[in-house]
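Engineer: Sequence and predicted structure, then a few things I'm wondering about:
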Amino acid sequence: MMKTILITGGAGFIGSHVVRHFVKKYPQYRIVNVDVLTYAGNLENLKDLEHESNYYFIKGDISKIQEVENIFSYYKPTGVIHLAAESHVDRSITNPLAFVQTNVIGTVNLLQTALKYWQDDLQNKLFHHVSTDEVYGSLGETGLFKETTCYDPHSPYSASKASSDHFVRAYSDTYALPVVITNCSNNYGPNQFPEKLIPLCINNILHGIEIPIYGKGENSRDWLYVTDHAEAIDLVFHQGKFGETYNIGGNQESTNLNLVEMICDLMDQELDRDKNSSKKLIRFVKDRPGHDFRYAIDANKIKNELGFKPTYNLKSGLEATIKWYLQNKNWLDKVTSGEYKEYYKKHYQGEK
Ligand code: NAD
Ligand code: TYD
């Protein structure tokens, strides 16, 4: 019988790359993607996989335990890679309860159901929880997040992810559920919804719309190209030690202002516009409440123990990302019509 892996949130940004990676690389696995298709979930991200014989899609909501049970009962997965989440910090500030519902309750529903179906034989089972470095809080000018760094979340998003991480560890410690957790830095690349900084910037430059930078643009993030994250998840899923946490990072730190200026320069080149024309769109706007100053990852554990090495640096990753968005303007147009327009107006109104 084929090994069945349940991937949650596979129609989203990172999930779609993880699904593609596993469907293509492991034809001997049956990959079941469960996704409720929120504004961030998009089956077009997986169009190329529709006819793959080892790929299945189910529209389902992880915050409803009966739906999760139905999937376990029918497909009998022996592995879970859990990515489904509400993922945007700004939306968590205006609607925190949605984050509790999916990120906390949804995760516990999956843990509880996995335990129910696996507890008689925990051999060859694994629950891989995909989390974020934001659970560790905010760094000052120096220092790096290690796997041992204390949790100190500040936004409803990071608090909900921290809570879900605690539940995953609790199921490991209390019930011996085999788990691994990965905490990754900021991702970017094809198919990212343009509410996040990099695709928002690309979309705005394309349409000559102002680029909103929170505060002074001095906040700093460590950026990882999304297919490198998928590769790291594969390594941890197959070779990670039960109960362990692995931080994943690209070692590509940049302040937001520096990052946006890099994108402006690359867009000017790609669009054949005058040098510095995109930079004129930059606007400094009111800061995000509770805005974490700096995230940076110490990725030595996954490098030394599992041999992980990212293939993209920030420049090559941004070039590839910009090329993808310019070649997929239809995708961008579709996801920025409807709900996105409302969100954008509401979130940035008063800033323009
Ligand atoms: P995303 O918002 O693009 O995708 C999330 C997906 O989850 C969507 O397809 C959505 O429809 C689905 N989903 C939401 N609620 C659901 C529910 N109740 N039931 C089933 N499906 C549901 O997010 P992303 O950026 O791809 O992030 C994926 C995961 O990786 C998240 O757990 C996030 O916390 C984590 N992560 C993201 C980043 C990043 O930079 N984007 C970095 C580190 C970790
Ligand atoms: P984002 O892509 O939302 O990821 P996260 O908040 O999870 O790190 O934001 C990345 C950084 O960019 C963060 O410091 C906030 C900042 N930012 C802006 O300056 N302007 C924007 O319009 C957005 C969406 C983000």
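Structural biologist: Done, it's in. Ligands and ions are numbered 1, 2, ... in the order given.
Engineer: What is the neighbour count of the residue of the stretch 251-352 of the chain found nearest ligand 2?
Structural biologist: Nearest residue of the stretch 251-352 of the chain to ligand 2: Asn256, at 4.6 Å (Cβ to the nearest ligand atom). All C-beta spots, glycine's among them, are computed from the backbone N, C-alpha and C. Residues lying near Asn256 (other Cβ atoms under 10 Å) number 18.
Engineer: where does the chain have low pLDDT?
Structural biologist: 1, 350-352 (pLDDT under 70).
Engineer: Can you name the residues of this protein that neighbour ligand 1?
Structural biologist: 8-9, 11-15, 35-38, 40-41, 61-63, 83-87, 102, 106, 130, 132, 161, 184, 186-187, 193 (Cβ under 6 Å from any ligand atom).
Engineer: Which of these fall in helices?
Structural biologist: Members of these lying in helices (criterion: DSSP state H): Phe13, Ile14, Gly15, Lys161.
Engineer: Could you dump these into JSON lines and include neighbour count?
Structural biologist: Shown next, in JSON lines, are those (neighbours: other Cβ atoms under 10 Å):
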{"residue": "Phe13", "neighbour count": "25"}
{"residue": "Ile14", "neighbour count": "23"}
{"residue": "Gly15", "neighbour count": "28"}
{"residue": "Lys161", "neighbour count": "29"}
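Engineer: nearest residue to Pro96 other than its sequence neighbours?
Structural biologist: Once flanking residues are discounted, Pro96 sits nearest to Pro156: 3.7 Å by Cβ to Cβ, 6 or more residues apart in numbering.
Engineer: again, but for Gln119
Structural biologist: Closest to Gln119 by Cβ to Cβ, 6+ apart is Tyr175, at 7.1 Å.
Engineer: Around that neighbour, how many other residues sit close by?
Structural biologist: Quick note: Tyr175 (other Cβ under 10 Å) scores 14 neighbours.
Engineer: phi, psi of it?
Structural biologist: With angles defined as degrees, to the nearest 10, Tyr175 sits at phi -110, psi 0.
Engineer: and what of Lys24?
Structural biologist: In terms of degrees, to the nearest 10, the main-chain angles of Lys24 are phi -80, psi -40.
Engineer: Can you get me a residue count around it?
Structural biologist: Neighbours around Lys24, by other Cβ under 10 Å: 14.
Engineer: For it, give me its contacts.
Structural biologist: By Cβ atoms under 8 Å, 6 or more residues apart in numbering, Lys24 lies in contact with Glu52.
Engineer: wait, isn't Lys76 in contact with Lys3?
Structural biologist: No. Applying Cβ atoms under 8 Å as the test, Lys76 and Lys3 come out as separate, 10.3 Å apart.
Engineer: Can you name the residues that contact the residue in the stretch 1-150 of the chain that ligand 2 sits nearest to?
Structural biologist: Among all residues of the stretch 1-150 of the chain, Val89 sits closest to ligand 2, at 4.1 Å; criterion: Cβ to the nearest ligand atom. Contact analysis of Val89 by Cβ under 8 Å, 6+ apart lists Glu134, Ser155, Tyr157, Ser158, Arg288.
Engineer: And those, which of them are buried?
Structural biologist: Glu134, Ser155, Tyr157, Ser158 (16 or more other Cβ atoms under 10 Å).
Engineer: my guess is Asp152 contacts Asp133, does it?
Structural biologist: No. Taking contacts as Cβ under 8 Å, Asp152 lies outside contact range of Asp133: 11.6 Å.
Engineer: what about these two, which has more around it?
Structural biologist: With neighbours defined as other Cβ under 10 Å, Asp152 and Asp133 compare such that Asp133 has more, 27 against 14.
Engineer: For Ile213, which non-adjacent residue is spatially closest?
Structural biologist: Nearest one to Ile213, counting by Cβ to Cβ, 6+ apart, is Phe284 at 5.4 Å.
Engineer: hang on, the one you found in a helix?
Structural biologist: No. Under DSSP: H, G, I helix; E, B strand; the rest coil, Phe284 falls outside any helix and is assigned strand.
Engineer: show me the contacts for Ile202.
Structural biologist: Per Cβ under 8 Å, 6+ apart, neighbours of Ile202: Pro194, Ile263, Met267, Thr321, Ile322, Tyr325.
Engineer: So Glu231: helix, strand or coil?
Structural biologist: With three-state DSSP as the criterion, Glu231 reads helix.
Engineer: residues contacting it?
Structural biologist: His21, Phe308, Thr311.
Engineer: Also Ile198?
Structural biologist: Tyr188, Gln192, Trp223, Leu259, Ile263, Leu318, Thr321.
Engineer: give me the element it is part of.
Structural biologist: helix 197-206 (DSSP states H and E).
Engineer: which residues are contacting stretch 265-279?
Structural biologist: Ile202, Ile205, Leu206, Ile211, Glu261, Ile263, Cys264, Leu318, Glu319, Ile322, Lys323, Leu326.
Engineer: Up against ligand 2, what does the stretch 51-200 of the chain have?
Structural biologist: By Cβ under 6 Å from any ligand atom, the residues of the stretch 51-200 of the chain that approach ligand 2 are Val89, Asn186, Lys196, Leu197, Leu200.
Engineer: Contact partners for the closest residue to Phe242 other than its chain neighbours?
Structural biologist: Nearest non-adjacent residue to Phe242, counting by Cβ to Cβ, 6+ apart: Pro178, 4.8 Å away. Going by Cβ under 8 Å, 6+ apart, Pro178 touches Leu122, Lys125, Leu126, Phe127, Ser172, Phe242, Gly243.
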